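A.B. asks: heads up, no residue letters with this:
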């Protein structure tokens, strides 16, 4: 968990924010992120004071004791030992380390020992190469790459507690504005929590190199205003499939290997290898952020997944143009 704060100290790296602009940990939105920023600012302040003092003493020494015209060309008087200076450079660093240790322990305890309130949302996040599976066990909802959560009101707290699992290799879940990064390790369940206080879309990504498309293993956390999250859950619990109007595309989907990898509720498709497609068109992106979820990009994804996300495990189905049109027409009904 110390990596949570180590990442905070290297927070000069930037990411796309709110789907546009720049984001970093210095724009926190929620309790865990605020704790990290407060700790970071203290460390930066201590380092800044030390830097200023050292540079000031160095400049003073260079100017005060520089060689001047007329100085005799011999070594100046040497001073061997100073109890005051030696005491200062021993005691002051010890005090600094002691204070930072106490603050670090308090900050880690504040984040790790938080107890979920009765209204907390429980979510399971599973890292795959290279996408995120999002499960809501209490609501019976499964989606991919977009974590939908309710905004937390200080008077009626609704934090989200995440159980992190890996289906293959080591990943790391990190949304800088909401919390520090937490590793996602095979055969181990790690826990973290977020409590966003402002509605909006907050971007993150996998922070542990996990293979070819690590850089495009993005995550979107969509924070809903009060009351909107319940509506989203209700829409996700329905089987939004219109098979009659798009029977040709439906038949193509179920006659290819698509059916072996994906789940579509209300049908016989129960694949687990790829993302759940039940409400595919309610998502903002394709391929875990590789492209916007538009009809044009969806067709390009179906035609040649490698063109948008090289190395992904989705194969080229070798469909004709007519078959691609029918399949995309069917997928567009999965709202």
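C.D. replies: Now that the structure is in, tell me what you want to look at. Computed from a prediction, not measured in an experiment: that's the story for all the values here. Numbers count the residues shown, from 1 in each chain.

A.B. asks: tell me which other helices or strands the longest helix seen in the chain touches.
C.D. replies: Longest helix in the chain by number of residues (criterion: DSSP state H): helix 31-64. Where contact means 3 or more CB pairs under 8 Å, 6 or more residues apart in numbering; DSSP states H and E, helix 31-64 is packed against helix 2-9, helix 83-112, strand 190-194. Using the backbone N, CA and C atoms, a C-beta is placed for each residue, glycine as well.

A.B. asks: list the buried residues of the longest one.
C.D. replies: Meaning helix 83-112. 103, 107, 108, 110, 111 (16 or more other CB atoms under 10 Å).

A.B. asks: cool, the last one as well?
C.D. replies: In terms of neighbour count (16+ other CB under 10 Å), strand 190-194 has its buried residues at 190, 192, 193, 194.

A.B. asks: and that strand, what's its mean pLDDT?
C.D. replies: Average pLDDT, strand 190-194: 95.

A.B. asks: partner strands of it, with direction?
C.D. replies: strand 160-166 (antiparallel) (DSSP bridges).

A.B. asks: now do the next helix or strand after the partner strand: which elements does it pack against?
C.D. replies: Sequence order places strand 171-174 as the next helix or strand after strand 160-166, per DSSP states H and E. Applying 3+ CB pairs under 8 Å, 6+ apart, one finds that strand 171-174 contacts strand 121-128, strand 182-184, strand 200-206.

A.B. asks: from the middle of its chain, how far away would the shortest one be?
C.D. replies: This points to strand 182-184. Offset of strand 182-184 from its chain centre (CA atoms, centre = their mean, to the nearest Å): 10 Å.

A.B. asks: now stretch 314-326
C.D. replies: 33 Å.

A.B. asks: go on, stretch 326-335?
C.D. replies: 29 Å.

A.B. asks: and that stretch, end to end?
C.D. replies: Stretch 326-335 has an end-to-end distance of 17 Å (CA to CA, to the nearest Å).

A.B. asks: equivalent analysis for stretch 212-224, please.
C.D. replies: Where stretch 212-224 begins and where it ends lie 33 Å apart, using CA to CA.

A.B. asks: return the distance of residue 98 relative to residue 92.
C.D. replies: 11 Å (CB to CB, to the nearest Å).

A.B. asks: so, low pLDDT: which residues of the stretch 201-335 of the chain?
C.D. replies: Along the stretch 201-335 of the chain, segments meeting pLDDT under 70 span 240-245.

A.B. asks: can you pull out the helices in it?
C.D. replies: 228-236, 247-255, 258-261, 295-303, 305-308, 321-331 (DSSP state H, counting those that start in this stretch).

A.B. asks: can you tell me what sits against the first one?
C.D. replies: Under the contact criterion CB atoms under 8 Å, 6 or more residues apart in numbering, helix 228-236 has outside partners 136, 139, 141, 143, 148-150, 199, 224, 278-279, 282, 335.

A.B. asks: so what's the gap between it and the chain middle?
C.D. replies: So, by CA atoms, centre = their mean, the centroid of helix 228-236 is 23 Å from its chain's centroid.

A.B. asks: what's the closest of the buried residues of helix 83-112 to residue 246?
C.D. replies: residue 111 (47.4 Å; CB to CB).

A.B. asks: show the pLDDT at the nearest residue to that closest one once chain neighbours are set aside.
C.D. replies: If the residues on either side of it in the chain are set aside, residue 111 comes closest to residue 32, at 5.2 Å by CB to CB, 6 or more residues apart in numbering. Residue 32 is assigned 90 on the pLDDT scale.
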